[in-house]
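Peer 1: let's see this in three dimensions:
(one chain, ligands or ions: 2)
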Amino acid sequence: MSQARQAVAAAKRIVVKVGSSSLTTAIGGLDPSRLDALVDALAARSAAGSQVVLVSSGAIAAGLAPLGISKRPKDLATQQAAASVGQLELVHAYATSFARYDLTVGQLLLTADDVVRRSHYRNAQRTFSRLLALGVVPVVNENDTVATDEIRFGDNDRLAALVAHLIGADALVLLSDVDALYTGDPRRSDARRITEVADESDLADVTAGTTGASGVGTGGMASKLAAARLASSAGIPVLLASAADAASALASSAIAPSPSATASGSVLASGSASASASTPPPVSAGAPASVGTAFAATGSRLSARRFWLAHAADSTGRLTLDDGAVAAVVTRRRSLLAAGIAGVDGDFDAGDVVDLTDLAGKVVARGVVAFDAVELPAMIGRSSQHLAPEQRREVVHADDLVPLPPRS
Ligand SMILES: Nc1ncnc2c1ncn2[C@@H]1O[C@H](COP(=O)(O)OP(=O)(O)O)[C@@H](O)[C@H]1O
Ligand SMILES: N[C@@H](CCC(=O)OP(=O)(O)O)C(=O)O
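Peer 2: Ligands and ions are numbered 1, 2, ... in the order given. Prediction:
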């Protein structure tokens, strides 16, 4: 079994994301039997001693039937109305289903700011940590009802990758309606199945579509691939599999504790399983080598601050660097000086996050800029001795700068 699969099977803290298409029926609305089957697998993993966080899509899809709408609306306001109605159905269904195992769920509705803004993510971190310590299964979704087009994650794959980093998860499992990553859309006969992704070279032949077959999901395989890259480059192994294979994908290599014990750190549920609660089906010993696609962790875990910098929701401008400056900041990890800047775009203030690009426009790094946009045009291309004394400092300090992995 690959190292990535072993890591997923051994993970003590695991984030599992499930897409809308895996929770709904062909005619719309939640499919209780698919939801229960997913919960069976999650409860089994929890009983094997792992802390489980579920990122679940499906609010918009679940809201369509109660509102008498037959297909996914295109306009934001109707999507938000559907999400408002559907989220309630969704968490109610989860609460009922997890209760079969005497497990309590907690709902977290997050906006992009909650996981990418430094001032907010500590708050989200605290909430997750407390919920997990209390033995609760957090069920996460984007706060669709207040998210606007500009500030939306849009797809929960990315949200799940950000949450996995935020809570220090050991693995991320992305469950979808397709059994693995293919070289192209599996509806095409020439698409080849990929079992292991050790590094970027294994993805060279892959074309990932942006729409799914179901019509209820959002990002297609492209958003799953982007999320898998994001997580694996930050040191988190990823397993992409079909929700129908959830039991195998979530199989644990841990020796299952006694049936009454729950996730490690639980202070509430230990020994409190009610007489009526079911015992989850036993877990097998780790995901079989053939389930889904496993992505090895390629990078190392970034500090919360660097992760925030690299993946902050939006940068407010861009600085174009000449070749020497690109080499200095990306390879030698130096600060960016005015002399190496060839262009300035955007309307930013000192302290904002900006993209740093090469002369061809490719983003090579991100950083916190130390000057307002209006100050920079007169400074760029000049060496320090040709700058006013108060301007003789780094435009982006090395401590505030993170080179972006080439593939994210
Ligand atoms: N290279 C690919 N490998 C696998 N699936 C792909 C690929 N390109 C496109 N797809 C499509 O992406 C779909 C999954 O995306 P989506 O329906 O948005 O899932 P979810 O609702 O689980 O988020 C698959 O059903 C498949 O049709
Ligand atoms: N937040 C939205 C889901 C967005 C989303 O990413 O959907 P999907 O592609 O099915 O994972 C909802 O709950 O309907």
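
Peer 1: quick one: name the residues of this protein near ligand 2.
Peer 2: Contact residues (CB under 6 Å from any ligand atom) of the chain with ligand 2: 19-21, 57-61, 83, 141-142, 144, 155-156, 217-219. Yep, even glycine has a C-beta here, placed from its N, CA and C like the rest.

Peer 1: how about 5 Å then?
Peer 2: With CB under 5 Å from any ligand atom as the criterion, the chain meets ligand 2 at residues 19-20, 57, 59-60, 141-142, 144, 155-156, 217-218.

Peer 1: reformat those as a markdown table; add distance to V364.
Peer 2: Formatted as a markdown table, those follow (distance: CB to CB, whole Å):
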| residue | distance to V364 |
| --- | --- |
| G19 | 32 |
| S20 | 35 |
| S57 | 32 |
| A59 | 37 |
| I60 | 36 |
| N141 | 33 |
| E142 | 29 |
| D144 | 33 |
| D155 | 25 |
| N156 | 28 |
| G217 | 32 |
| T218 | 29 |
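
Peer 1: these in helices, which ones?
Peer 2: Counting by DSSP state H, the residues of the chain next to ligand 2 place 59-60, 156 in helices.

Peer 1: hang on, the earlier thing: mind giving me the PyMOL select for the residues of the chain next to ligand 2, buried ones only?
Peer 2: The buried residues among the residues of the chain next to ligand 2 can be selected in PyMOL (16 or more other CB atoms under 10 Å) with this line:
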select buried, resi 19+20+57+59+60+141+142+144+155+156+217+218
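
Peer 1: where's the dip in pLDDT among the residues of the chain next to ligand 2?
Peer 2: Minimum pLDDT for the residues of the chain next to ligand 2 is recorded at G217 (54).

Peer 1: would you map the strands across the stretch 1-150 of the chain?
Peer 2: For the stretch 1-150 of the chain, applying DSSP state E, counting those that start in this stretch gives strands covering 13-18, 51-56, 105-110, 137-142.

Peer 1: can you tell which of those is closest to ligand 1?
Peer 2: strand 13-18 (7.1 Å; CB to the nearest ligand atom).

Peer 1: please see if the closest one touches ligand 1.
Peer 2: No - counting by CB under 5 Å from any ligand atom, ligand 1 is not contacted by strand 13-18; separation bottoms out at 7.1 Å.

Peer 1: re earlier: with distance to P389 as extra columns, can I get the strands of the stretch 1-150 of the chain in JSON lines?
Peer 2: As requested, the strands of the stretch 1-150 of the chain are arranged in JSON lines below (distance: least, CB to CB, whole Å):
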{"stretch": "strand 13-18", "distance to P389": "50"}
{"stretch": "strand 51-56", "distance to P389": "51"}
{"stretch": "strand 105-110", "distance to P389": "45"}
{"stretch": "strand 137-142", "distance to P389": "47"}
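
Peer 1: so T320, which of the three states?
Peer 2: strand (DSSP: H, G, I helix; E, B strand; the rest coil).

Peer 1: quick check: bridge partners of it?
Peer 2: Listed by DSSP bridges, the beta-bridge partners for T320 are G343, T357.

Peer 1: that one is in contact with T357, isn't it?
Peer 2: Yes - with contacts defined as CB atoms under 8 Å, T320 counts as touching T357 at a distance of 5.3 Å.

Peer 1: what about the residue sitting nearest the centre point of the chain, which SS state?
Peer 2: Per CA atoms, centre = their mean, the C-alpha nearest to the average position across the chain is that of A161, at 1.8 Å. With three-state DSSP as the basis, A161 sits in helix.

Peer 1: relative to A171, how far out is it?
Peer 2: 12 Å (CB to CB, to the nearest Å).

Peer 1: hey, what's in contact with both of the two?
Peer 2: Common contacts of A161 and A171 (CB atoms under 8 Å, 6 or more residues apart in numbering): I236.

Peer 1: and this structure, what are its domain boundaries?
Peer 2: Residue ranges for the domains of the chain, per automatic domain parsing: 3-295, 315-403.

Peer 1: return the helix or strand in this structure with minimum mean pLDDT.
Peer 2: Among the helical and strand segments of the chain, the one scoring lowest on mean pLDDT, DSSP states H and E is helix 112-116, with a mean of 73.

Peer 1: could I get it in PDB with only the CA atoms?
Peer 2: Output of helix 112-116 as PDB, limited to C-alpha atoms (Å, rounded to 0.1, in the frame of the first residue of the first chain):
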ATOM      1  CA  ALA A 112     -14.100  32.700   3.100                       C
ATOM      2  CA  ASP A 113     -13.000  35.300   5.600                       C
ATOM      3  CA  ASP A 114     -13.300  32.800   8.400                       C
ATOM      4  CA  VAL A 115     -10.600  30.600   7.100                       C
ATOM      5  CA  VAL A 116      -8.300  32.900   5.200                       C
END
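
Peer 1: helices and strands around that helix, which ones?
Peer 2: helix 118-133, helix 156-166 (3 or more CB pairs under 8 Å, 6 or more residues apart in numbering; DSSP states H and E).

Peer 1: out of those helices, which is the most enclosed?
Peer 2: helix 156-166 (a mean of 27; mean count of other CB atoms under 10 Å).

Peer 1: so what's the gap between that one and the chain middle?
Peer 2: 2 Å (CA atoms, centre = their mean, to the nearest Å).

Peer 1: beyond that helix, next helix or strand please.
Peer 2: Per DSSP states H and E, helix 156-166 leads on to strand 171-176 as the next helix or strand towards the C-terminus.

Peer 1: buried stuff in that next one?
Peer 2: Buried residues in strand 171-176 (16+ other CB under 10 Å): 171-176.

Peer 1: repeat for stretch 63-73
Peer 2: 63-65, 69, 72-73.

Peer 1: over to stretch 134-153?
Peer 2: 135-144, 147, 152-153.

Peer 1: in CSV: the residues you listed, plus distance to A7.
Peer 2: CSV is the format used below for those (distance: CB to CB, whole Å):
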residue, distance to A7
G135, 24
V136, 24
V137, 21
P138, 21
V139, 24
V140, 22
N141, 26
E142, 27
N143, 31
D144, 32
A147, 32
R152, 31
F153, 25
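
Peer 1: in terms of model confidence, name the weakest of those residues.
Peer 2: R152 (66).

Peer 1: could you check how far the longest helix seen in the chain is from the centre of its chain?
Peer 2: When the chain is scanned for its longest helix (criterion: DSSP H), the result is helix 76-99. The chain centre lies 20 Å from the centre of helix 76-99; the measure is CA atoms, centre = their mean.

Peer 1: picking up where we left off before, show me the contacts for the residue nearest to the centre of the chain.
Peer 2: Residues in contact with A161 (CB under 8 Å, 6+ apart) are 172, 227-228, 230-231, 234, 236.
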